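Peer 1: Output the structure for:
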Amino acid sequence: MKFAIMGSGGVGGYFGARLAEAGENVTFIARGRHLAAMQRDGLHVSSIKGDVVVKPVKATDDPATLGEVDCVIVAVKAWQVREAAETIRPLVGPDTLVLPLENGVEAADILAEVLGEAPVLEGLCGILAWRESPGHIRHAGVDPFVRFGERDNRTSERTARLKATFDKAHGVSAEIPDDIVVAQWSKFLFICAMSGIGSLCRAPIGITRQLPETRALIQGMLEEIHQVAHGHGVAFPGDAVSRAMQFIDAMPADSTSSMQRDILAGEPSELESQNGAVVRLGRAVGVETPIHAAVYAALLPQELAARGELSF
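Peer 2: Below is the predicted model:
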């Protein structure tokens with residue numbers, strides 16, 4: 001298959017490299033020093049599942065030069081999805097799949113608003129990875145997985161073909177869940193709580209899950225998200241909160257979320273798409289979310305400063 005990777009950081013860089021390693025036609029869309037390093041030295045992935053080097057690598061900052069592709073993997077930050085959707089328009093033909101792998105639960109809606117419903121899948125991934133330096137991705141935790149499906153949960157030949165392609169890639173587990181919306185919210189459940197507590201406390205998950213005071217906050221955030229999901233008709237299993245906490249407990253002690261790392265670096269983050277989204281989506285169905293509201297309010301000044309909207 002012919003893939004374009006829109007966003008070539010930890011997520012896009014890793015999964016794109018694995019697809020290229022498996023022999024797929026993969027082009028990375030990047031810019032600046034990261035693009036220059038890839039074009040000069042290839043893409044290097046240091047991974048607990050085995051290292052991979054893609055060299056030479058197909059990489060560009062101009063998607064319009066690629067023509068239509070079979071699949072666009074959208075792996076930008078959640079707040080960049082609308083801009084990314086406009087950028088990838090030249091890549092999307094009548095048979096193209098657009099697979100979002102963002103945190104949060106709103107990326108597919110945004111992509112469909114810009115590109116139409118037809119090409120867009122629902123999707124998510126799990127991985128602890130980041131761009132360590134230009135041209136170099138570090139995968140440090142979590143067995144990488146992708147989960148995707150049609151937005152109405154119907155079976156389709158195109159999703160089966162995409163899964164078969166991912167199945168050929170080393171270091172990737174692919175699944176088409178029975179209910180992709182439940183799968184999406186299940187990830188949102190734990191990653192949003194992890195992002196919120198880590199960003200607020202400036203500590204890795206091993207610390208915040210250990211202290212009774214911060215563990216109680218994590219538990220409270222999980223329960224609020226569960227209530228919001230129920231308000232939106234998400235058919236969570238009864239043990240969703242306990243399973244999310246089990247996942248958090250199983251993560252490497254030094255794990256941090258991408259949102260936390262962005263906030264610590266003073267960069268724009270996914271605050272609006274994670275804790276802010278819980279507050280917004282809760283309000284839409286009359287569900288109070290006081291813990292997420294407090295986390296969002298506490299982090300908002302720094303977020304606005306990182307975006308140049310506030311100075312202090």
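Peer 1: contacts and neighbour counts: CA atoms only from here.
Peer 2: OK.
Peer 1: What is the longest helix anywhere in the chain packed up against?
Peer 2: For the chain, the helix that runs over the most residues, judged by DSSP state H, is helix 180-201. Based on contacts counted as 3 or more CA pairs under 8 Å, 6 or more residues apart in numbering; DSSP states H and E, the elements that helix 180-201 packs against are strand 122-133, strand 136-149, helix 205-208, helix 212-231, helix 240-250, helix 258-264, helix 275-284, helix 290-306.
Peer 1: ok, the second one: who's next to it in the sheet?
Peer 2: This means strand 136-149. Using DSSP bridges, the strands paired with strand 136-149 are strand 43-47 (parallel), strand 122-133 (antiparallel), strand 173-175 (parallel).
Peer 1: Adding mean neighbour count, distance to E113 and mean pLDDT, write the helices and strands packed on helix 180-201 out as JSON lines.
Peer 2: Compiled in JSON lines, those are given as follows (neighbours: other CA atoms under 10 Å; distance: least, CA to CA, whole Å; pLDDT from 0 to 100):
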{"stretch": "strand 122-133", "mean neighbour count": "21", "distance to E113": "14", "mean pLDDT": "95"}
{"stretch": "strand 136-149", "mean neighbour count": "20", "distance to E113": "18", "mean pLDDT": "96"}
{"stretch": "helix 205-208", "mean neighbour count": "20", "distance to E113": "35", "mean pLDDT": "97"}
{"stretch": "helix 212-231", "mean neighbour count": "19", "distance to E113": "22", "mean pLDDT": "98"}
{"stretch": "helix 240-250", "mean neighbour count": "16", "distance to E113": "30", "mean pLDDT": "95"}
{"stretch": "helix 258-264", "mean neighbour count": "20", "distance to E113": "25", "mean pLDDT": "95"}
{"stretch": "helix 275-284", "mean neighbour count": "21", "distance to E113": "18", "mean pLDDT": "98"}
{"stretch": "helix 290-306", "mean neighbour count": "17", "distance to E113": "26", "mean pLDDT": "98"}
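Peer 1: Can you give the domain ranges for the chain?
Peer 2: Listed domain ranges for the chain are 2-178, 181-306 (source: automatic domain parsing).
Peer 1: Just the terminal-to-terminal distance for the first one.
Peer 2: Yep, that's domain 2-178 we're talking about. With CA to CA, to the nearest Å applied, domain 2-178 spans 26 Å between its terminal residues.
Peer 1: one step back: will you turn the domains of the chain into JSON lines that also has distance to F312?
Peer 2: As requested, the domains of the chain are arranged in JSON lines below (distance: least, CA to CA, whole Å):
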{"stretch": "domain 2-178", "distance to F312": "23"}
{"stretch": "domain 181-306", "distance to F312": "7"}
